[in-house]
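# fold the following, please.
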Amino acid sequence: MAHEFTFRITKTRFDEDYSPSDDSRITTNFANLARGEHRQQNLRNALTMIDRRFNDLADWDNPNRDRYTVELEIVSVAVQFAAEGEDQEFPLLEVLDIRILDRLTGKRRQGIVGNNFSSYVRDFDFSVRLPAASEAAGGFTVPADFGDLHGKLFQHFLDSAAYRDRFTGSPVICISVSTSKTYRRTENHHPILGVEYEQKDPSLTDEYFGKMGLSVRYFMPRGSVAPLAFYFRGDLLGDYTNLQLIGTISTMETFQKIYRPEIYNANSAAAKVYQPSLEQQDYSVTKIAYDRDERSRLAAEQGNYAHEHLMKPHGDLLEQWAANSLVPVG
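Numbering: from 1, shown residues only. All right, here's what the predicted structure looks like:
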């Protein structure tokens, strides 16, 4: 039944002039930064932080730490249904794509797609389905098939012509480590990703991304104060160049300093045994306005939107497709 729906990709430049469009998928994180009286300065400051961090890590043949500029595009993915009706197209997910401009040579290199992953279906799962299941059970409960549909849709997208025609490599999704888990530093050290941490008890997020066909490793790059979680297909350490990895680190570490300064802008680095906490008081705040309460509220709103405009009109078709799909999950 794959012919019952296809994927459509659009791209929007994410720069200091970025403004969310009313007729496109509005990722909370981007829209949150791009508003208010100081919206342009907000965006300019964030992009400057990314460039500075990139040049700090890419320090070879770069004596003035200004050789590279990171160029970002928002990749919006819509699922299009063959059946007629009001909800023929739905904004499935959004990620950032990276290009790296070498100002010395004038060449542009392709970075890694996947940064700042955002998904309406994930919002539905975590903000609508999970609370409803827990309420019905009288306590926190995770349905056995939780994340199965999202995982199969994501993997189907990666294997689609729409993705393969646009992107040559597999995505890497880099997010914050979990505040409910404890991470232990290992002796493994990568020249770009930094020191590796391990966590033996998978979080619900780890399991959810696992159903998307993604494995996870945790690394704290040089100059960072906390490990980042890297979700990937294939070989994280072998499939990408140093500059590609630096692009992902510099982009996502910057966003995490803005979103979660208690962890990623702390004034002391993670210890050998580390449990992240948003209650930490010893941290610095960036000069970039970000409304974390709005982010949580919009996740619930977007989950309800997915319920009304995706699951209600197309849920039966998607569940039937998922049941017949050969894509493995878990």
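# when you work out contacts or count neighbours from here on, use the C-alpha atoms and nothing else.
Will do.
# can you give me the helices for this protein?
28-33, 39-57, 120-124, 130-137, 148-158, 161-166, 204-210, 242-259, 261-264, 292-306, 312-324 (DSSP state H).
# would CSV of the ones you listed with distance to residue 272, mean pLDDT and mean neighbour count be doable?
Formatted as CSV, the helices of the chain follow (distance: least, Cα to Cα, whole Å; pLDDT from 0 to 100; neighbours: other Cα atoms under 10 Å):
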stretch, distance to residue 272, mean pLDDT, mean neighbour count
helix 28-33, 31, 60, 19
helix 39-57, 22, 92, 20
helix 120-124, 32, 93, 24
helix 130-137, 33, 94, 14
helix 148-158, 33, 96, 21
helix 161-166, 39, 95, 13
helix 204-210, 21, 96, 18
helix 242-259, 20, 95, 23
helix 261-264, 15, 96, 24
helix 292-306, 29, 77, 17
helix 312-324, 42, 92, 14
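# so where is the stretch 1-150 of the chain shaky, pLDDT-wise?
1-3, 20-37, 84-86 (pLDDT under 70).
# can you give me the strands for it?
Taking DSSP state E, counting those that start in this stretch as the test, the strands found in the stretch 1-150 of the chain are 5-14, 68-81, 89-102, 108-110, 115-119.
# who does the fourth one pair up with?
Think strand 108-110. strand 89-102 (antiparallel) (DSSP bridges).
# kindly export the strand it pairs with (C-alpha atoms) in PDB.
Below are the C-alpha coordinates for strand 89-102, written out as PDB (Å, rounded to 0.1, in the frame of the first residue of the first chain):
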ATOM      1  CA  GLU A  89      -1.300  16.400   2.600                       C
ATOM      2  CA  PHE A  90       0.100  16.400   6.100                       C
ATOM      3  CA  PRO A  91       3.400  18.000   7.400                       C
ATOM      4  CA  LEU A  92       5.100  14.800   8.700                       C
ATOM      5  CA  LEU A  93       8.500  16.000  10.000                       C
ATOM      6  CA  GLU A  94      11.200  18.600   9.800                       C
ATOM      7  CA  VAL A  95      15.000  18.500  10.100                       C
ATOM      8  CA  LEU A  96      18.000  20.800   9.400                       C
ATOM      9  CA  ASP A  97      20.400  20.200   6.600                       C
ATOM     10  CA  ILE A  98      23.900  21.600   6.700                       C
ATOM     11  CA  ARG A  99      26.300  22.900   4.100                       C
ATOM     12  CA  ILE A 100      29.800  24.000   5.000                       C
ATOM     13  CA  LEU A 101      31.300  27.000   3.200                       C
ATOM     14  CA  ASP A 102      35.100  27.000   3.100                       C
END
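# for stretch 70-85, buried residues please.
70, 71, 72, 73, 74, 75, 76, 77, 78, 79, 80, 81 (16 or more other Cα atoms under 10 Å).
# and if you look at stretch 185-205?
For stretch 185-205, the neighbour count (16+ other Cα under 10 Å) marks 185, 192, 193, 194, 195, 196, 197, 198 as buried.
# and the fifth one, what is it in contact with?
What it means is residue 195. Residue 195 is in contact with 185, 186, 187, 188, 189, 219, 220, 221, 222, counting by Cα atoms under 8 Å, 6 or more residues apart in numbering.
# and if you look at the fourth one?
With contacts defined as Cα under 8 Å, 6+ apart, the neighbours of residue 194 are 219, 220, 221, 222.
# what do you get if the cut-off is 10 Å, keeping everything else the same?
Applying Cα atoms under 10 Å, 6 or more residues apart in numbering to residue 194 gives the contacts 188, 218, 219, 220, 221, 222, 223, 224, 227.
# measure the nearest residue to it once chain neighbours are set aside to residue 71 for me?
Spatial nearest neighbour of residue 194, chain neighbours left out: residue 221 (3.9 Å); criterion: Cα to Cα, 6 or more residues apart in numbering. Remark: distance between residue 221 and residue 71 (Cα to Cα, to the nearest Å) = 21 Å.
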